[in-house]
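Student: please work out how this folds:
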Amino acid sequence: MSLFKCSLCDQRVPGKLSQATWAWWRADNKRVAYRQRICLGCFAEHIAPLEVSSREWSMTCPCCGANSEFDMDPVYLTIYVPTVGPLRLEMPTDAACAVKLRVLAQTNAEPLDDSGGQFGGQGPSPQTPAGPWAALGIQPRE
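Tutor: Residues are numbered from 1 along each chain as shown. Take a look at the predicted model:
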C-alpha cells in the first residue's frame, strides 16, 4: 500500500504514485501551480488520454478535439511516472476545457507557493525496471 492517497480517487493503492505538477497563467498574468499524487488507475482514466491527444503539436484541444487557436487557454503538466520518468505536456486547451481541467488539477492538490518568484522544483523519483506504468505505453518526453 502507498503511504499517500491518490489525489483524484482519495484511495491508498498498491505501488508507487506518480507526482503531477499542473500550471497555468491567470488573466492577470500570474502563474498558478498545484501538485498532486496520482495512482495508476486515475492516470489511465484522466491523464493518459491527454498524453495521447497531445503527442502531435497542433492547435487542437486535447480534451474535446476542437480548434483552440483563437480560444486557447493552455494548461501545462509535468508528471513523474514511476519506471518511466518525466512527461511534460503543453496542452492547448480551449477556454471551456481549461476550466474543467483546472478543477481536476486542484482536486486534493497542494498549491505551490510562488513567493520567491519561482515554483519549487520537483525531482524525479528513482527509476526502477518497467512495470505496470510502462504497460500503458507511456514513454519519457522532455
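Student: gap between the residue nearest to Pro14 when sequence neighbours are not counted and Met72?
Tutor: Distance criterion Cβ to Cβ, 6 or more residues apart in numbering; nearest residue to Pro14, sequence neighbours excluded, is Met1 at 6.0 Å. The way it works is simple: take the backbone N, C-alpha and C, and place the C-beta from them, glycine included. Met1 sits 41 Å away from Met72, going by Cβ to Cβ, to the nearest Å.
Student: what does stretch 54-69 rub up against?
Tutor: 49-50, 53, 72, 89-94, 96-97, 100-101 (Cβ atoms under 8 Å, 6 or more residues apart in numbering).
Student: distance from the chain centre to it, please.
Tutor: 16 Å (Cα atoms, centre = their mean, to the nearest Å).
Student: just give me the longest helix of the protein.
Tutor: Using DSSP state H, we find that the single longest helix of the chain is helix 95-106.
Student: which outside residues touch that one?
Tutor: For helix 95-106, the external contacting residues (Cβ under 8 Å, 6+ apart) are 8, 20, 22, 24, 34, 36, 46, 50, 61, 63-64, 71-75, 77, 91, 93.
Student: buried ones from the residues you listed, can you make that a ChimeraX selection?
Tutor: In ChimeraX syntax, the buried subset of those is picked out as below (16 or more other Cβ atoms under 10 Å):
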select :8,20,22,24,34,36,46,50,61,63,71,73,74,75,77,91,93
